[in-house]
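> Provide a 3D model corresponding to the input given below.
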Amino acid sequence: MKLSELAQQTGATIEIGDANLDITSAAGLTEAKAGQVTFLSNPRYTPQVKETRAAAIYLAKDAPIERADLAVLRAQDPYLAYTRALRLFHPEPVVTPFIHPSAVIDPTAQVAPDAHIGAGAVIGAHCVIESQVTIHPNVTLYNHVRVGAQSVIHSGVALRAHAQVGQRVIIHNNVVVGSDGFGFAKAEDKSWLKIPQTGRVVIEDDVEIGAGTTIDCASVGETRIKRGVKIDNLVQIGHSCTIDEDALLCAQVGLAGSSHIGKRVILAGQVGIAGHLHVGDDVVLTAKSATSHDVPPGKVISGIPGFDNKDWLRSVAAFRRLGEMARTIRLLEKRLAELERTSNDKNKLRGHGEE
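Numbers count the residues shown, from 1 in each chain. Take a look at the predicted model:
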């Protein structure tokens, strides 16, 4: 691909370099070789620019460059431009229509003629598999599951009864969608009585779900993952939760039942959300934080229990000094005690003098 074409398709402009330069692929600063394009977005990696063997580099508008032999593509967001370049050089594979002989497909299921069904897949009664869907080996679809066009379901996934999957969804290995919500009522004898989980899970378009994640169905109604949500590996989403558009859930996040997560929310690794809470749009909860209360839109929250990130940073700074502060307090207490003894002694002497 010519440098000029690459720039046009990735939203960049050529500052230095031959527009007819051939670019064959994209790679990171240290891995890039001749003919490849790379990027710099984090200033801490600036020294690596001097050593990279790449032919071209994406740089921010104001980033300096000291190499005349390196083609420069200026971009508003170098990482985004680089991502677009990667997608150009590594397009999604074309779906090959195919049904493996070992796949088990119920006669009532509707499978598009251009879908791909791998070995050992099981597709239950009244399922609908739309155009250009790829179902990899050993996927299980319970009854009444629908998978939207161009979605990819990787090996080991289980889509439980009545699950609805939108278009262009990617579900990675060993995800379980629609397992029973964790609902029990305590009986008179203190034993636990299982509450029937009769709802479903709805996954809207352009969602990606990482390996090993579990999404529970609702007792009644639905658990809904809205358009554009990205979910990392090993995330637990409880029954009746709603995750709004373009939210990002990192590894090992846990949502208790009936949590409602707003648009563009970022939940970093191992964040915990208590049940029946509302997390407003554009909220960020930093890693290992947890909240047991609603979070207003736009807040950045840290800690357990979670509170404003700036206050949390000040608290952490103070926590580091607790040992020193304790020693200072002990010294002050000792000095105060000595001052009190001295004062008492003086008062006694004064009293004797008056006598």
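> Start from the N-terminal end of the stretch 1-150 of the chain and give the helices.
Remark: helices assigned in the stretch 1-150 of the chain by DSSP state H, counting those that start in this stretch are 3-10, 78-89.
> any idea how far the first one is from the chain center?
Put simply, helix 3-10 sits 29 Å off its chain's centre (C-alpha atoms, centre = their mean, to the nearest Å).
> how far off helix 78-89 does that helix point, in degrees?
110 degrees (axes from the mean of the first three to the mean of the last three C-alpha atoms, to 10 degrees).
> other SSEs contacting helix 3-10?
Packing contacts for helix 3-10, counted by 3 or more C-beta pairs under 8 Å, 6 or more residues apart in numbering; DSSP states H and E, involve strand 13-16, strand 56-59, strand 71-74, helix 78-89. The C-beta positions use only the backbone N, C-alpha and C, and glycine is treated the same way.
> repeat that with 7 Å
Of the remaining helices and strands, those touching helix 3-10 by 3 or more C-beta pairs under 7 Å, 6 or more residues apart in numbering; DSSP states H and E are strand 13-16, helix 78-89.
> For the longest one, which residues meet the burial criterion?
Think helix 78-89. For helix 78-89, burial by neighbour count (16 or more other C-beta atoms under 10 Å) applies to 78, 80-82, 84-85, 88.
> And that helix, what does it pack against?
helix 3-10, strand 25-26, strand 36-39, strand 56-59.
> nearest to G323, of these?
With C-beta to C-beta as the measure, strand 36-39 is the member of the helices and strands packed on helix 78-89 nearest G323 (43.8 Å).
> Show me what that closest one is packed up against.
For strand 36-39, the helices and strands in contact under the criterion 3+ C-beta pairs under 7 Å, 6+ apart are strand 25-26, strand 56-59, helix 78-89.
> Compare the ones you listed and give me the one nearest P107.
helix 78-89 (39.2 Å).
> what sits up against the closest one?
Contact with helix 78-89 is made by 6, 9-12, 25-26, 37, 39-41, 58-60, 73, 75, as judged by C-beta atoms under 7 Å, 6 or more residues apart in numbering.
> so can I have CSV of the helices of the stretch 1-150 of the chain showing mean pLDDT and distance to A274?
Shown next, in CSV, are those (pLDDT from 0 to 100; distance: least, C-beta to C-beta, whole Å):
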stretch, mean pLDDT, distance to A274
helix 3-10, 97, 42
helix 78-89, 96, 34
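> Turn the ones you listed into JSON lines, columns for distance to L21.
Output for the helices of the stretch 1-150 of the chain, formatted as JSON lines (distance: least, C-beta to C-beta, whole Å):
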{"stretch": "helix 3-10", "distance to L21": "4"}
{"stretch": "helix 78-89", "distance to L21": "14"}
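> closest one to H136 among those?
Taking those one by one with C-beta to C-beta, helix 78-89 is closest: 21.3 Å.
> Quick one: distance of that closest one to the chain centre.
Relative to the chain's own centre, helix 78-89 is displaced by 20 Å; criterion: C-alpha atoms, centre = their mean.
> Settle this for me: A251 is touching I231, isn't it.
No. In this structure A251 lies outside contact range of I231 using C-beta atoms under 7 Å: 9.5 Å.
> Next, show the common contact partners of these two.
Contact criterion C-beta under 7 Å, 6+ apart; residues shared by A251 and I231: none found.
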